[in-house]
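> Model the structure of this input:
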Amino acid sequence: MPVKNRQQIRKGPHGGVQIVLTEDVPHLGKQGDLVEVKPGYARNYLLPNGLATIPTEHNLRLLERYKERVKQAREARIADLHVLAEQIQRVSLTIEANANEDGHLFGSVGANEISQALKAKNLNVEPSMVRLEGPIKECALYAVKLHLGYDIETEVKVLVVRKN
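From the prediction side, this is the model:
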């Protein structure tokens with residue numbers, strides 16, 4: 001009985017297998033990278049979940065075309081984020097919160113409230129993009145850092161005032 005010709009997985013120089021990533025995988029690589037991983041990680045996680053593929057000649061040719069499209073999409077996204085960063089710098093937010101006479105808040109103002117205030121001004125900022133050292137617990141003016149992605153950072157002025 002003849003044995004069917006299976007796709008051979010290339011061995012890497014360190015004893016692992018070489019695969020091509022079809023998605024960004026944290027702590028491993030970006031989409032389109034040729035990486036070397038342990039055989040079990042590739043066989044049990046990356047390949048079944050569609051995060052990687054075997055580097056055949058056909059896949060590598062498709063990958064080159066795909067990389068071009070991904071690069072163009074990434075550049076367009078970065079340009080959009082730069083525009084968003086400029087718009088955010090021109091905006092100042094006023095957030096009303098319950099506070100006592102001394103300006104101490106009952107509760108706090110966090111990333112969710114700042115994100116909602118920005119979305120109310122048609123600036124699409126997710127709570128995970130807001131970088132606070134800690135929750136805001138006083139009525140004052142704050143400069144809050146925002147990390148929009150692709151190493152694009154900006155700052156928004158947030159004025160926390162007492163609700164009447």
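> In the helix or strand hosting L84, which residues are buried?
Per DSSP states H and E: L84 is located in helix 57-89. Neighbour-count burial for helix 57-89, with 16 or more other Cβ atoms under 10 Å as criterion, is recorded at L63, L81, L84, A85, I88. Where C-beta positions appear, they are placed from N, C-alpha and C, glycine not excepted.
> Just send those residues back as a markdown table, with distance to N49 and pLDDT too.
A markdown table is the format used below for the buried residues of helix 57-89 (distance: Cβ to Cβ, whole Å; pLDDT from 0 to 100):
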| residue | distance to N49 | pLDDT |
| --- | --- | --- |
| L63 | 18 | 78 |
| L81 | 28 | 92 |
| L84 | 31 | 93 |
| A85 | 33 | 93 |
| I88 | 35 | 93 |
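> hey, where'd the helices end up in this structure?
Ranges of helices in the chain, per DSSP state H, are 39-41, 57-89, 111-120.
> Compute the inter-axis angle for the helix holding L84 and helix 111-120.
Per axes from the mean of the first three to the mean of the last three Cα atoms, to 10 degrees, the angle that helix 57-89 makes with helix 111-120 is 80 degrees.
> for helix 57-89, packing partners?
strand 17-21, strand 141-149, strand 152-162 (3 or more Cβ pairs under 8 Å, 6 or more residues apart in numbering; DSSP states H and E).
> Pop the domain breakdown of this protein in here.
What automatic domain parsing lists as the domains of the chain is 17-82, 85-162.
> rank the ones you listed by mean pLDDT and give me the bottom one.
Here the lowest mean pLDDT among the domains of the chain goes to domain 17-82, at a mean of 88.
> So what's the gap between that domain and the chain middle?
Centre-to-centre, domain 17-82 and its host chain are 16 Å apart (Cα atoms, centre = their mean, to the nearest Å).
> what distance separates the start and the end of it?
Distance across domain 17-82, first residue to last, is 39 Å (Cα to Cα, to the nearest Å).
> Could I get the contacting residues of the closest residue to P135 other than its chain neighbours?
Closest residue to P135 apart from its sequence neighbours, by Cβ to Cβ, 6 or more residues apart in numbering: S108 at 3.6 Å. Going by Cβ atoms under 8 Å, 6 or more residues apart in numbering, S108 touches P135, I136, K137.
> How many neighbouring residues does the closest residue to the second one other than its chain neighbours have?
It stands for I136. The spatial neighbour of I136 that comes closest, neighbours along the chain excluded (Cβ to Cβ, 6+ apart), is V109 at 4.1 Å. The local packing of V109 (other Cβ atoms under 10 Å) involves 22 other residues.
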